[in-house]
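Engineer: Sequence first, predicted coordinates after that:
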Amino acid sequence: MVRPFGKKNFTVDVRKSIVRGHELGAHPKILATQFGCSSSQIYRILKNNRDDDGVVYHQSPGRPRTTSRAMNRNNLRACREDPRRTSTDIQVSVTSPNEPVLSRRTIRRRLQVAGLHGRRPVRNHSLV
């Protein structure tokens, strides 16, 4: 997979070593050549650094998902067992008492992300 325009994701150890190198007196431009990235990335890591020897992680924007990976797996399993099952049937069969009830639209979106597009029940076509 190709990264868009040189964005480089650093591990926590690399970020901490960048902060440590700056604390020891290394210039950010020297750190940039040492770690093979731009100096603006080094400045950003140093800016987001906290005093308690940690690295700040920003949460991703938007509302958090209501479904977990296990819930998504259960939805996929229910759909693969019977491909003609509707999202309402999946909603009824998969819900458990300690998890939130998923909407039918959410179930359809999760199936679409998994590559199961256009699931429709087979209707009685004998009248046609």
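Structural biologist: Alright, I've got the coordinates.
Engineer: Quick check: the gap between the residue most central in space within the chain and residue 10.
Structural biologist: In the chain, the C-alpha nearest the mean C-alpha coordinate belongs to residue 60, at 8.9 Å (CA atoms, centre = their mean). According to CB to CB, to the nearest Å, residue 60 stands 17 Å off from residue 10. Yep, even glycine has a C-beta here, placed from its N, CA and C like the rest.
Engineer: Repeat that for residue 65.
Structural biologist: Per CB to CB, residue 65 is found 25 Å from residue 10.
Engineer: So what does residue 111 have for phi and psi?
Structural biologist: Main-chain torsions, residue 111, degrees, to the nearest 10: phi -70, psi -40.
Engineer: pLDDT value on it, please?
Structural biologist: For residue 111, the model assigns a pLDDT of 89.
Engineer: Go ahead and confirm it touches residue 79.
Structural biologist: Yes - taking CB atoms under 8 Å as the definition, residue 111 is a contact partner of residue 79 at 5.8 Å.
Engineer: where's the residue nearest to the centre of the chain, which helix or strand?
Structural biologist: Using DSSP states H and E, residue 60 maps to neither a helix nor a strand.
Engineer: show me the contacts for it.
Structural biologist: For residue 60, the contact set (CB atoms under 8 Å, 6 or more residues apart in numbering) is empty.
Engineer: ok so, going back, between residue 65 and residue 10, which has more neighbouring residues?
Structural biologist: The neighbour comparison of residue 65 against residue 10 (other CB atoms under 10 Å) goes to residue 10, with 16 against 11.
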